[in-house]
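Q: this is a predicted model, with the sequence first.
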Amino acid sequence: MKRLVEEVSGDGLKKLLGERVILLCAAYFYEGKLVGVNDHDVCIADPHIVFGAGKWDKPEYATVEAIKHADEWFIKSASIESYGRSKKND
């Protein structure tokens with residue numbers, strides 16, 4: 001797994017290392033700071049589950065809950081349908 005230790009260049013998820021992202025997966029949407037990427041998993045710090053995104057032009061998600069028992073959360077890359085910068089970056 002690559003970890004955010006120094007500036008990393010690249011495409012796709014690796015390009016977003018160090019930023020807050022939203023991962024749109026088959027069952028849930030996950031939001032957090034992208035801190036790790038490898039061929040099979042991604043790792044987000046300060047993880048949240050977004051149950052309702054709300055309107056995309058609004059500055060906050062409609063329904064979001066922190067995963068308070070974990071500092072980091074791992075998501076299988078195969079379950080990610082799309083991804084991008086989180087609203088919380090703005």
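A: Structure received. Residues are numbered from 1 along each chain as shown.
Q: where is the longest strand in the chain?
A: If you go by DSSP state E, the chain has its longest strand at strand 41-52.
Q: quickly run through the sheet partners of the helix or strand following that one, with directions.
A: Per DSSP states H and E, the first helix or strand lying C-terminal to strand 41-52 is strand 63-66. Sheet pairing of strand 63-66 (DSSP bridges) gives strand 41-52 (antiparallel).
Q: pull out the buried positions in the strand it pairs with.
A: Buried residues in strand 41-52, defined by neighbour count with 16 or more other C-beta atoms under 10 Å: 42-44, 46-50. Yep, even glycine has a C-beta here, placed from its N, CA and C like the rest.
Q: farthest-separated two in these?
A: Taking C-beta to C-beta, the two most distant members of these are 43 and 50; they sit 17.3 Å apart.
Q: before we move on, back to that, residues in contact with the longest strand of the chain?
A: 1, 13, 21-23, 28-37, 61-67, 70-77, 80 (C-beta atoms under 8 Å, 6 or more residues apart in numbering).
Q: rerun that using 7 Å as the cut-off
A: Applying C-beta atoms under 7 Å, 6 or more residues apart in numbering, the contact partners of strand 41-52 are 1, 13, 21-22, 28-36, 61-67, 70-77.
Q: which of these count as buried?
A: When burial is judged by neighbour count using 16+ other C-beta under 10 Å, the buried members of the contacts of strand 41-52 are 13, 21-22, 29-36, 61, 64, 67, 73, 75, 77.
Q: narrow those to those in strands?
A: 21-22, 29-36, 64, 73, 75.
Q: next, the contact list for the residue lying closest to residue 83 once chain neighbours are set aside, please.
A: With sequence-adjacent residues excluded and distances taken as C-beta to C-beta, 6 or more residues apart in numbering, residue 83 is closest to residue 23, at 4.8 Å. With contact set as C-beta under 7 Å, 6+ apart, residue 23 has these partners: 29-30, 75, 80, 83.
Q: so who does the closest residue to residue 40 other than its chain neighbours touch?
A: In space, and not counting its chain neighbours, residue 40 is closest to residue 77: 5.8 Å by C-beta to C-beta, 6+ apart. Going by C-beta under 7 Å, 6+ apart, residue 77 touches 40-42.
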